[in-house]
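Undergrad: Here is a sequence with its predicted model. Questions after.
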Amino acid sequence: MNIKVRFRGGATQCLQLPLVLSAPDARRTPRHIVDEIDRLLNELTDAEVANELNARGFRSGGGLPFDVDLIRYVRNTYELKDRYARLRESGLLTISEMAERLGVTSETVRQWHRQGLLKGVPYKGRGRFLFYPPPDDLPPKGAWKNAWIERNVQTEV
């Protein structure tokens with residue numbers, strides 16, 4: 001914005017000043033941070049993204065530290081895909097899809113995941129995972145119980 005200033009003695013000077021941003025524009029999260037959030041969501045949950053941005057010293061447009069709600073707000077405002085959608089697009093399975101594919105219950109899938117037989121990726125807090133397709137060499141359901149029974153019967157004899 002150009003401003004002409006005329007002083008008492010008659011001298012004039014032309015000043016160039018930046019436009020004043022509206023309140024919403026001044027508080028908007030900078031685009032480079034939005035782009036970084038988009039990139040981080042490929043690897044991290046919302047909470048992990050917030051922690052990473054805070055660790056780097058980034059702040060929102062309003063000068064606030066990031067939290068899960070603010071990350072969700074930025075995702076919704078800029079129509080960024082959430083972690084779940086990104087993982088599903090890459091072919092990962094839900095727990096019920098995995099259970100159906102393997103012919104077991106969801107609890108068995110959870111147990112096999114805890115034992116390291118199935119590889120899962122967290123998409124949200126509270127232990128929510130999506131799973132890579134199962135390996136071909138996965139033991140049949142109940143195999144661990146049968147092995148335990150056989151081992152204990154042999155030691156008793």
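TA: Now that the structure is in, tell me what you want to look at.
Undergrad: What separation do you get for the residue nearest to the spatial centre of the chain and F7?
TA: In the chain, the C-alpha nearest the mean C-alpha coordinate belongs to T45, at 2.5 Å (Cα atoms, centre = their mean). Taking Cβ to Cβ, to the nearest Å as the measure, T45 and F7 are separated by 60 Å. C-beta: built from backbone N, CA, C; applies to glycine.
Undergrad: So which bits of stretch 118-131 are buried?
TA: L118, G120, P122, Y123, F129, L130, F131 (16 or more other Cβ atoms under 10 Å).
Undergrad: Three-state assignment for the fourth one, please.
TA: Of the three states, Y123 takes strand under DSSP: H, G, I helix; E, B strand; the rest coil.
Undergrad: measure it to P30 for me?
TA: 26 Å.
Undergrad: cool, and L40?
TA: Separation of L40 from P30 (Cβ to Cβ): 15 Å.
Undergrad: Between the two, which is the more surrounded one?
TA: A count of neighbours by other Cβ atoms under 10 Å puts L40 above the other of L40 and P30, at 18 against 12.
Undergrad: which residue sits closest to the more buried one in space, ignoring its chain neighbours?
TA: Once flanking residues are discounted, L40 sits nearest to V49: 4.6 Å by Cβ to Cβ, 6 or more residues apart in numbering.
Undergrad: For that neighbour, what is the enclosing helix or strand?
TA: V49 belongs to helix 46-55 when assigned by DSSP states H and E.
Undergrad: C-terminal to that helix, what's the next element?
TA: helix 68-77.
Undergrad: just to confirm, which helix or strand has A85 in it?
TA: For A85, the enclosing helix or strand under DSSP H and E is helix 83-89.
Undergrad: Show me the contact partners of stretch 72-90.
TA: The contact list for stretch 72-90 (Cβ atoms under 8 Å, 6 or more residues apart in numbering) reads 29, 34, 37-38, 41-42, 44-46, 121, 123-124, 130.
Undergrad: what's the lowest-pLDDT member of those residues?
TA: On pLDDT alone, K124 ranks lowest of the contacts of stretch 72-90, at 83.
Undergrad: who are the neighbours in contact with it?
TA: Contacts of K124 (Cβ under 8 Å, 6+ apart): T45, D46, R83, Y84.
Undergrad: Out of those residues, which end up buried?
TA: Buried members of the contacts of K124, counted by 16+ other Cβ under 10 Å: T45, D46, R83.
Undergrad: Pull up the gap between the closest residue to the second one other than its chain neighbours and S60, please.
TA: Across the structure, with Cβ to Cβ, 6+ apart as the measure, the residue nearest D46 apart from its sequence neighbours is I71 (4.4 Å). Separation of I71 from S60 (Cβ to Cβ) stands at 10 Å.
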